[in-house]
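K.L.:
below are the sequence and a predicted model; questions follow.
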Amino acid sequence: MPLLEVENLTIDYHGRTGAVTAVEDVSFSLEKGRSLGIVGESGCGKTTIGMALLRLLPENGVLRKGSIRLGGDDVLSLSAKELRAFRWKRISMIFQAAMNALNPVHRVGDQVMEAIRIHHPAFSAEKIREEVAALFDLVDIPEARINDYPHQYSGGMKQRAVIAMALSCRPDLVVADEPTTALDVIVQDQILRKIREIQDRLGIAGIFISHDIGVVAGICHDIMVMYKGRIIEQGCREEVFVSPGHPYTISLLSSYLTIDGVFDLHADTAEPECIPVDESRPGACAYAPHCPRADADCFVHPPAWREKSPTHGVLCSKTC
């Protein structure tokens, strides 16, 4: 049985002008120890999915339908008390711009200790200190820096401290929302390698949310590409990178630099010369106005989900 099972997740945000669907009929699963990269542009619903997994949607966010199960437990039916125990012990999250989440007036070690103390009240002060020292060693922060304040840490050290906090209760699943935002490319690579190393060592499953497909390329086993709230391509890393099936995925890959250069994607990234945007209808392909493969049917009929292989699917009626 998969560690995480998400089925038909649909989430709306309610505002003054009515409801806007941010996530629509999203389904996926994740095995223990594996990592999933959720990729797409800002506003496509990536972070909303991550927040829904921890039941942290804002007040105007409404889960209209769907189910979330972690280790067989129904996450959506947990009481407030059960949720407090569920978060951090079963699933934790590294939030976007998490480096700024550290309280500047408290020592870094004390902030990690507090997370352990809340979820393990029976632990002695000495035991908690040992746990924090072990976590800092795991993320390559010298034990001597435990009593430092956040301003005494570099950006990379702050991020590693936040990772240590997310791992403080040894969860089954860690959700990382843009975990390398504001870091330079060298530190970014170090952080991603460290996360993957820790994941392999502890057998923790991971979900990595990013607008940059290159960020998840070297760390995730599986890739899920989203566009306007829907999954438009899903498969293992090798399949998505070697044989992308959706024009939007191809467009993302065209901007991804590799050691060998840039992906050569020919005319597939060109804007279409065809039908205006206002001819599309509700339920039709949302990407049609930007798709070089689109024809008149794409602006009228919904796209079909097609299986390129048993582990690789694409939401596109025109895919090969």
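P.N.:
Everything's here; your move.

K.L.:
what is the rounded mean pLDDT of stretch 49-63?
P.N.:
Taken as a whole, stretch 49-63 has a mean pLDDT of 95.

K.L.:
buried set for it?
P.N.:
Ile49, Gly50, Met51, Ala52, Leu53, Leu54, Arg55, Gly61, Leu63 (16 or more other CB atoms under 10 Å). Glycine gets a C-beta too; all of them are placed from N, C-alpha and C.

K.L.:
specify the local secondary structure of the fourth one.
P.N.:
Yep, that's Ala52 we're talking about. helix (DSSP: H, G, I helix; E, B strand; the rest coil).

K.L.:
flag the shaky bits of the stretch 51-200 of the chain, pLDDT-wise.
P.N.:
Filtered on pLDDT under 70, the stretch 51-200 of the chain yields the residue ranges 98-99, 182.

K.L.:
what about the helices in it?
P.N.:
Under the criterion DSSP state H, counting those that start in this stretch, helices of the stretch 51-200 of the chain are mapped to 80-89, 108-119, 125-138, 155-166, 185-202.

K.L.:
Ile141 and Gln159 touch, don't they?
P.N.:
No: with contact taken as CB atoms under 8 Å, Ile141 and Gln159 are classed as non-touching, separated by 10.5 Å.

K.L.:
and the strands in the stretch 201-320 of the chain?
P.N.:
According to DSSP state E, counting those that start in this stretch, the stretch 201-320 of the chain carries its strands in the segments 205-210, 222-227, 230-236, 257-258, 261-262, 305-309, 312-315.

K.L.:
residues in contact with the second one?
P.N.:
Strand 222-227 is contacted from outside by 26, 28, 30, 34-41, 44-46, 213, 216, 231-237, 240-241, 246, 248-249, 252, 286-287, using CB atoms under 8 Å, 6 or more residues apart in numbering.

K.L.:
count of neighbours near Cys285?
P.N.:
Residues near Cys285, counting by other CB atoms under 10 Å, number 27.

K.L.:
ignore the last one, Ser67
P.N.:
Count around Ser67 with other CB under 10 Å applied: 15.

K.L.:
which strand residues bridge it?
P.N.:
Counting by DSSP bridges, Ser67 is bridged to Glu7.

K.L.:
how much space separates it from Thr311?
P.N.:
According to CB to CB, to the nearest Å, Ser67 stands 22 Å off from Thr311.
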